[in-house]
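[1] Build me a model from this:
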Amino acid sequence: VRLGDVEAGDRLRVRGGEFAAVYWKHEHARHIRTTEVSLHNGATLRLTPSHYLPVKEECAAEEAEQCKGVRLMPTGALAPGHRLLLADGSSHEVKRVAAAREEAVVNVLVEGEEVVVNGILASVYSSPLLALETLPFRFLHALSPALLKWAPVRAAVSLVIDSPLLRFFARINLPLVPKAATAALSSHALPSFAVAAASA
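    Numbers count the residues shown, from 1 in each chain. The predicted structure follows:
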């Protein structure tokens, strides 16, 4: 199933072979530049450079207590050798990270904040705000699942997501991001789940 064909209420595969419901979908009004990530096993993703993916970390013995073994990293900061998590909990090495093209992107939010795309586990975050980015959506969904389906609410939220003001706000949050991620986020920091032309 292509993410572009997914609708609110559909259930997508998440970690551990489970499924979670989609409660928000938004197709951006303008095309957005994407980055293509290829793994050695042949799996690929196209996302915005600022979209966050769970990356496996090797933990040194002296760091074991502080190290969680996984950290979120923006796609644009990935490099060959990083290991992305797969649907079954294993990880696979990144082979190539390259600029793709400007294309239509889709924002999909699911319960649990993670989704499997082309066998790769991805978060729904694509700004340094991380969970704060989806907080308004989760709040409205918790009040009533019907709220985000109501046309006036959908129209208002979509207008905010595509607004230049929100893009500016995302850029002024850059100092809060680790230095390694700054270059990746400076080009595009929209709050969208931006996987284009991928299968879930």
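
[2] Who are the packing partners of the lengthiest helix in the chain?
    Ranked by residue count, the top helix of the chain under DSSP state H comes out as helix 131-143. Counting contacts by 3 or more CB pairs under 8 Å, 6 or more residues apart in numbering; DSSP states H and E, helix 131-143 is packed against strand 19-27, helix 151-161. The C-beta positions use only the backbone N, C-alpha and C, and glycine is treated the same way.

[3] Among those, which comes closest to residue 114?
    Counting by CB to CB, residue 114 lies closest to strand 19-27 out of the helices and strands packed on helix 131-143; the figure is 7.9 Å.

[4] Show residues contacting the following helix or strand past the closest one.
    Sequence-wise, the next helix or strand downstream of strand 19-27 (DSSP states H and E) is strand 32-39. Contacts with strand 32-39, where a contact means CB atoms under 8 Å, 6 or more residues apart in numbering, come from 44-49, 53, 75-76, 78, 84, 92-105, 120, 187-188, 190, 192, 194, 196.

[5] The same query, at a cut-off of 7 Å, please.
    Identification of contacts with strand 32-39 by CB atoms under 7 Å, 6 or more residues apart in numbering yields 44-49, 75-76, 78, 84, 92-103, 105, 187-188, 190, 194, 196.

[6] now the helices and strands packed on helix 131-143 as CSV including mean neighbour count and distance to residue 136?
    Putting these into CSV (neighbours: other CB atoms under 10 Å; distance: least, CB to CB, whole Å) gives the following:
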stretch, mean neighbour count, distance to residue 136
strand 19-27, 18, 10
helix 151-161, 12, 8
